[in-house]
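Asker: Build the 3D model from these lines:
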Amino acid sequence: MKRLLKKKLIKESSSQANKRSKLLEILSEEFNEIDAVRSKTFNMGALLDIDQTEQENTILLTMP
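Answerer: I've put the predicted structure just below:
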């Protein structure tokens with residue numbers, strides 16, 4: 001978390017309701033980047049969810 005704060009990817013603030021907790025906010029520019037990565041990951045998962053041949057499985061497993 002400290003690394004994300006240092007890189008200004010998230011913002012930390014104190015909670016008014018609970019003084020022992022901290023509120024974290026993903027900054028808007030980074031949220032768009034995170035959303036793009038999440039979308040790509042979801043699309044990759046959808047591709048891997050289909051039935052593959054044995055040869056396709058071998059290729060997928062050997063990809064770097």
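Asker: could you pull out the strands for this protein?
Answerer: With DSSP state E as the criterion, the chain has strands at 10-14, 22-26.
Asker: could you dump the ones you listed to TSV with distance to residue 56, mean neighbour count and mean pLDDT?
Answerer: All C-beta spots, glycine's among them, are computed from the backbone N, C-alpha and C. Output for the strands of the chain, formatted as TSV (distance: least, C-beta to C-beta, whole Å; neighbours: other C-beta atoms under 10 Å; pLDDT from 0 to 100):
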stretch	distance to residue 56	mean neighbour count	mean pLDDT
strand 10-14	39	12	89
strand 22-26	36	12	87
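Asker: Turn those strands into a markdown table, including distance to residue 33.
Answerer: Shown next, in a markdown table, are those (distance: least, C-beta to C-beta, whole Å):
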| stretch | distance to residue 33 |
| --- | --- |
| strand 10-14 | 12 |
| strand 22-26 | 10 |
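Asker: quick one: least confident helix or strand in the protein?
Answerer: Every helix and strand in the chain was compared by mean pLDDT, DSSP states H and E; the lowest is helix 28-48, with a mean of 73.
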